[in-house]
Structures are given as structure tokens and as C-alpha cells.
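Asker: When you get a sec, could you give me coordinates for this:
(one chain, ligands or ions: 1)
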Amino acid sequence: MSATYDIAVVGSGFAGSLMAMIARRQGFSVILLEKGAHPRFAIGESSTPLSNLLLEELATRYALPALKALAKWGSWQRTYPEVACGLKRGFTFHHHSLTSPAFADPDHNDQLLVAASPRDEIADTHWYRANFDHLLVQKAQALGVEYIDQVALHTLTEAYAKVTLGGQRDGRKLELHARFVVDATGPRGFLHRALRLGEAEFPNYPVTEALYSHFSGVHRLEDISFARTAEIPPYPVDDAAVHHVFDGGWVWVLQFNNGVTSAGVAATDACATQLRFSEGGPAWDRLLQRIPALQEQFKEGVVERPFNHMPRLSFRSAQIAGRRWALLPSAAGFVDPLLSTGFPLTLLGVSRLATIIADDWETPRFTKRLQDYATHTDTELLATARLISALYANMNNFRVFTALSLLYFAAASYSEAARRLGKSHLASSFLLCTEPTFELNCVDICQRARRPLTTNEADALIGDIQSAIEPFNIAGLGRPERRNWYPVEARDLLEDAGKLGATRKEISAMLLGSGFRQERELPRS
Ligand SMILES: Cc1cc2nc3c(=O)[nH]c(=O)nc-3n(C[C@H](O)[C@H](O)[C@H](O)COP(=O)(O)OP(=O)(O)OC[C@H]3O[C@@H](n4cnc5c(N)ncnc54)[C@H](O)[C@@H]3O)c2cc1C
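Answerer: Down below sits the predicted model:
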């Protein structure tokens, strides 16, 4: 086979298919190339308010109505009931001591619940990637994207204003030409190997590993004695990305509506070596034995697929774009699943690349804008790694861990609200990492947090975190009376309208537009 396309997208995860659809919508001829075949397992499942908003924005901007329904739990259930999905009302964190296991503290000192939506209809989701990614490939094909699976690509060469991709399919030679290549093959993917791009370090970042699988028969946390409480939490604790944090690592538990639970552990090398992650299932069992709540929750759990051990979790490419190619953020780097940062980073990158292609295709500015894209992508990955390294350093100090996580929640909620108000210039980068004052504060805070802290130093750090988030805190984060349980309260946003340069009326209109109910969720002003 030999043909020429405007754009070749390599890798048909959700991001590759989305990029291909957008390019097709802009009138380009597009080929999408996949080494495997759908449906297939993929990890990376939990969305966030910002991810869903970005998905919705892209669906609107590029006239992809079929994708809009996937941006909220309610519309997803009505439109695609056959596409498995999990309900995510927020972020649940529980802290555990592996040496002296205990039950949940009634004062919430060992937990953090941050709601992301006031009710199920407009909630976020966990994407069951086998179904989700398959659906997106089908939608891409329906738009006229040419799709070839089971390809083994080996080379990329550049000559005469185009690139040539070389490989094999079905034992036969495959050669394709394109004016531009988007690599959506994930960390250490196609271009990393074909162009020997090399790997860079995240400064001061610990070496981490992961071990994960899919399970059936897992109970809900709220049904076991560990999490029973007389108080009503801001949302059902299992309808969330559930994190169990311990010294050196953390476990995620995501429940889907098809009876499958995704669970795994990410941990420092030292912790992974001690638990012997390389042994797979036995390492998982060893970990559960040290966290009684999880042992009880998983006591009837059945492992549905072989455990996957990732001996190196983080990755940062030494190069992100060339003259006729670019890596999506998900191919350019990965930090850790903590805080579900993979999807929003990737969707921001898809959005930026789509704009560059639309505005400057084959103009003299194209290469410069690609280099800006590369710099922006790398800056966001570095900011993410900086925060997550500080969180790793404090997994045995939950008070500091909780405070540090507010840097993420403040930045994410502020960015979401700014975009919804049509003021994306207020939050043009992930984690507000190009907002000069916030950025400077984050650098200082994360640096201090990586060192062992005395109680006084921890108190000072927590105070500084509260001051750093204050100009962006539109969700009542850090208020002592909330005792680590944060509901979604329209009242908070209305009171802090000025931080977004908006009036209360504008905030009310924005909330109604994003699905809040006038009578129940918006206070009378
Ligand atoms: C353990 C773990 C947990 C995570 N959890 C979360 C989470 O909860 N929330 C979140 O936001 N992010 C999470 N992430 C990150 C998330 O997985 C990624 O952001 C997301 O999968 C990126 O999607 P993608 O479509 O770009 O790439 P992928 O999903 O990696 O898809 C890449 C596709 O490219 C194909 N491919 C690979 N090599 C080639 C090749 N040479 N030629 C052709 N095709 C190729 C693959 O077969 C695959 O279909 C997690 C990551 C890990 C490692």
C-alpha cells in the first residue's frame, strides 16, 4: 500500500481518534494507524470536570455532536447505554498506616472528599476504555478518517515536504506519506523509538512503579465497616476516584457500571521492591493484607485479566515536536495517575494542536507555533511532576498531603469556572503554571514540602498554601469547618465571583448553563 494524506495520526486511543476527527472536520485527509485492534484494554480511566469541559468544548468547536453526550454521566447513560462507564462525583482519599491499620477517623483527619458535581446527571465519569476508545474509532471512520489496525510501523523519514511512514501489515510492506504526523501512541511510543527522541528526567521526581488489573465482585467501600459513618458525605464515597494513600504509595479503585472495578497501586521503587511488584498478583495480595479496609472490600474480588506491572511509571520525552510531527501530551510524558491529570493534559494538547493546524497549516509560522506547543506541553508536565513529587514525599503526613492537594483542586476548579465564563485567558495553562505569582508560590511550596518537615514547618507550609490558593479559591477549600469534606456549593462561587472578574449574575447564569438547578442548587441572592 502506498498513498499520501494530509495528516497521519498514529495510535487510536481516545486522543488519536479525537485528533483524527478534528482534523477531518477541518477538511484534511486523515489516516489513523493502530498497532492493535479494537476493542482492547487500556488503562487511564478517570475523567475530571476540566477533562469533560475540554471534551465538550472540542465537540462544540469542531461540530462533533456524537461526543458531547460523553461529557456527562446523565447524557452518556441516555445516549450510549451500551458503553460501560463509571460514575465519578468527586475525589475520595483515605489515609492508611501500613504498620498500625485503623478504621476511619470520625473527625476526617485521615480522609479528604472533594466533590466535583452536585448530582449524578451532570457528574464526571470513568471511561471504560475498551468500549470508549472503540466507539471513538467508529465515529472517526464515520467522518471519513481512514483507519488501519494491526500495523507494525518501524520508520519515519522526511523529504520533499512530506514524511514517509514505513512498516508492515499482514506480512506485507506498508508505506504511507503524510504532510504531518501526530503521535498518539502513549509514553515511549512510535516516534520515541523511530526517531530515537531520548528521555529527559523530571527534576527531583522519585522513581515510581505501578501494578494494576481489572476485577469483578468487588464490594463498595460504603458497605463495609471501615467507611460506615453516621454523617452523610458530600457524595457516595464509591462514586468517585477512590485513593488509598500510605507511606510510599497509593491505591486507586474505580467502579464501572458493568460490574468491573479497575484497581491498582502506584508506589516508589523502594515500596514496590519491598512488596515485590514484579510478582504481580501475590504483591497485590501482600498489599491488601496490610490495608484491612481494602482486604475486606476485595475479599470476593476476582482478577479479570493478568496484572500489569509497569517498572517505570513516569516518562518525559526529550523532544516533543519537529517540523512535520508532534507528540500529543500523552506521548510526550506521563507523571502518575494521582489526581487524574492525564486526560486534561492530553485534551489541552489536542485543542492547541487543532488550533495550530487550523490557523497556520503550511504557513511560515507553523514550525514556530509547533515549538511553542512543545514548550507549553513540557512546562505543564513539569508543573504536574513538581506537585506530585511533593505529594509522594508526604504520603506519610496526610495533613500536609491534603493541603498540597488543594493546590491542584484550587487551580482545576478556577480553570474550569474561567473557561465556562468564556475567560480561558485567566487560566490558559494546566495547574495555572503560567500564572506568575501562583507558579512562584508553587515552586517554593513544593520544594519545601519535599524535605522532612517539623510540626512548625508543616504549619507554616500549610499557611502558605492557603495564602497561595486564596486568589483562586472559589470552592471554600481549606476552610476548617468543612473538616476535609468539600461539597459543591454554588454559594462559594457566588461569594468569590470577583476572583473571576465576574458578577454574581454572570456566575448564576454560568451555573445554570452547566446544569445546576435554580430551585435546589442556587441560593437566592
Ligand atoms: C496506570 C495508569 C493509570 C492512569 N489513570 C489515569 C486516570 O485515571 N485519569 C487520567 O486522566 N489519566 C490516567 N492515566 C493517563 C492516561 O492513561 C493517558 O492520559 C491516556 O490513556 C492517553 O490516551 P491516548 O489515547 O493518548 O493514549 P493510549 O490510551 O495510550 O493509546 C495509545 C494507542 O496507540 C497504540 N499504539 C501504541 N504504539 C503504537 C505504534 N507503534 N503504532 C501504532 N499504534 C500504536 C496503542 O495500541 C493504543 O491503542 C493513567 C496512566 C497510567 C499509566
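Asker: Okay, now the sheet partners of the longest strand along the chain, with direction.
Answerer: If you go by DSSP state E, the chain has its longest strand at strand 172-183. Partners of strand 172-183 in the sheet, by DSSP bridges, are strand 2-10 (parallel), strand 162-169 (antiparallel), strand 325-327 (parallel).
Asker: which residue ranges form the strands in the stretch 251-400 of the chain?
Answerer: For the stretch 251-400 of the chain, strands defined by DSSP state E, counting those that start in this stretch occupy the ranges 260-268, 302-303, 308-310, 315-316, 325-327, 333-334.
Asker: can I get those in JSON lines with mean pLDDT and distance to residue 15?
Answerer: C-beta coordinates here come from the backbone N, C-alpha and C atoms, glycine included. Shown next, in JSON lines, are the strands of the stretch 251-400 of the chain (pLDDT from 0 to 100; distance: least, C-beta to C-beta, whole Å):
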{"stretch": "strand 260-268", "mean pLDDT": "98", "distance to residue 15": "19"}
{"stretch": "strand 302-303", "mean pLDDT": "98", "distance to residue 15": "28"}
{"stretch": "strand 308-310", "mean pLDDT": "98", "distance to residue 15": "19"}
{"stretch": "strand 315-316", "mean pLDDT": "98", "distance to residue 15": "16"}
{"stretch": "strand 325-327", "mean pLDDT": "98", "distance to residue 15": "11"}
{"stretch": "strand 333-334", "mean pLDDT": "98", "distance to residue 15": "12"}
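Asker: Up against the ligand, what does the stretch 301-450 of the chain have?
Answerer: Within the stretch 301-450 of the chain, the positions adjacent to the ligand are 328, 330, 334, 337, 340, 342-343, 346 by C-beta under 6 Å from any ligand atom.
Asker: If we use 5 Å, what do you get?
Answerer: Taking C-beta under 5 Å from any ligand atom as the measure of proximity, the stretch 301-450 of the chain contacts the ligand at 330, 337, 340, 342-343, 346.
Asker: Would you format those residues as JSON lines with distance to residue 108 and pLDDT included?
Answerer: As requested, those are exported to JSON lines (distance: C-beta to C-beta, whole Å; pLDDT from 0 to 100):
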{"residue": "330", "distance to residue 108": "34", "pLDDT": "98"}
{"residue": "337", "distance to residue 108": "24", "pLDDT": "98"}
{"residue": "340", "distance to residue 108": "22", "pLDDT": "97"}
{"residue": "342", "distance to residue 108": "28", "pLDDT": "98"}
{"residue": "343", "distance to residue 108": "28", "pLDDT": "98"}
{"residue": "346", "distance to residue 108": "33", "pLDDT": "98"}
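Asker: bridging residues for residue 308?
Answerer: Beta-bridge partners, per DSSP bridges, of residue 308: residue 212.
Asker: Name the residue of the stretch 201-350 of the chain that lies nearest to the ligand.
Answerer: Closest to the ligand within the stretch 201-350 of the chain is residue 342: 2.5 Å, counting by C-beta to the nearest ligand atom.
Asker: Grab the nearest non-local neighbour of that residue.
Answerer: residue 44 (5.2 Å; C-beta to C-beta, 6 or more residues apart in numbering).
Asker: For the helix or strand containing residue 443, output the C-alpha coordinates as CSV.
Answerer: Under the criterion of DSSP states H and E, residue 443 resides in helix 436-449. Below are the C-alpha coordinates for helix 436-449, written out as CSV (Å, rounded to 0.1, in the frame of the first residue of the first chain):
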residue,chain,number,x,y,z
PRO,A,436,3.4,34.1,37.6
THR,A,437,2.6,34.5,41.3
PHE,A,438,0.9,31.2,41.7
GLU,A,439,3.7,29.5,39.8
LEU,A,440,6.4,31.1,42.1
ASN,A,441,4.5,30.1,45.2
CYS,A,442,4.1,26.5,43.9
VAL,A,443,7.8,26.2,43.2
ASP,A,444,8.6,27.3,46.7
ILE,A,445,5.9,25.3,48.4
CYS,A,446,6.7,22.0,46.6
GLN,A,447,10.5,22.5,47.2
ARG,A,448,9.9,22.9,50.9
ALA,A,449,7.4,20.0,51.0
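Asker: What is the one helix or strand residue 31 maps to packed up against?
Answerer: In this structure, residue 31 sits in strand 30-33 according to DSSP H and E. With contacts taken as 3 or more C-beta pairs under 8 Å, 6 or more residues apart in numbering; DSSP states H and E, strand 30-33 sits against strand 2-10, helix 14-25, strand 146-148, strand 172-183.
Asker: and the end-to-end length of stretch 324-343?
Answerer: 24 Å (C-alpha to C-alpha, to the nearest Å).
Asker: can you give me the angle the biggest helix by length in the chain makes with strand 260-268?
Answerer: Longest helix in the chain by number of residues (criterion: DSSP state H): helix 366-393. Angle, helix 366-393 to strand 260-268, by axes from the mean of the first three to the mean of the last three C-alpha atoms, to 10 degrees: 80 degrees.
Asker: What residues of helix 366-393 count as buried?
Answerer: 366, 369-370, 373-374, 376-393 (16 or more other C-beta atoms under 10 Å).
Asker: In JSON lines, list the helices and strands packed on strand 30-33 along with distance to residue 423, mean pLDDT and mean neighbour count.
Answerer: Putting those into JSON lines (distance: least, C-beta to C-beta, whole Å; pLDDT from 0 to 100; neighbours: other C-beta atoms under 10 Å) gives the following:
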{"stretch": "strand 2-10", "distance to residue 423": "31", "mean pLDDT": "91", "mean neighbour count": "21"}
{"stretch": "helix 14-25", "distance to residue 423": "23", "mean pLDDT": "98", "mean neighbour count": "28"}
{"stretch": "strand 146-148", "distance to residue 423": "38", "mean pLDDT": "98", "mean neighbour count": "16"}
{"stretch": "strand 172-183", "distance to residue 423": "29", "mean pLDDT": "97", "mean neighbour count": "20"}
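Asker: okay if I get those as CSV plus distance to residue 427?
Answerer: Shown next, in CSV, are the helices and strands packed on strand 30-33 (distance: least, C-beta to C-beta, whole Å):
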stretch, distance to residue 427
strand 2-10, 28
helix 14-25, 21
strand 146-148, 35
strand 172-183, 25
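Asker: between these, which gets nearest to residue 215?
Answerer: Smallest distance to residue 215 across the helices and strands packed on strand 30-33 (C-beta to C-beta): 22.6 Å, for helix 14-25.
Asker: does the ligand sit close to the closest one?
Answerer: Yes - shown here: helix 14-25 in contact with the ligand (C-beta under 5 Å from any ligand atom) through 14-15.
Asker: Show me what that helix packs onto, helices and strands only.
Answerer: Checked by 3+ C-beta pairs under 8 Å, 6+ apart, helix 14-25 has strand 2-10, strand 30-33, helix 129-142, strand 172-183, helix 342-360 packed alongside it.
Asker: Sounds good, over and out.
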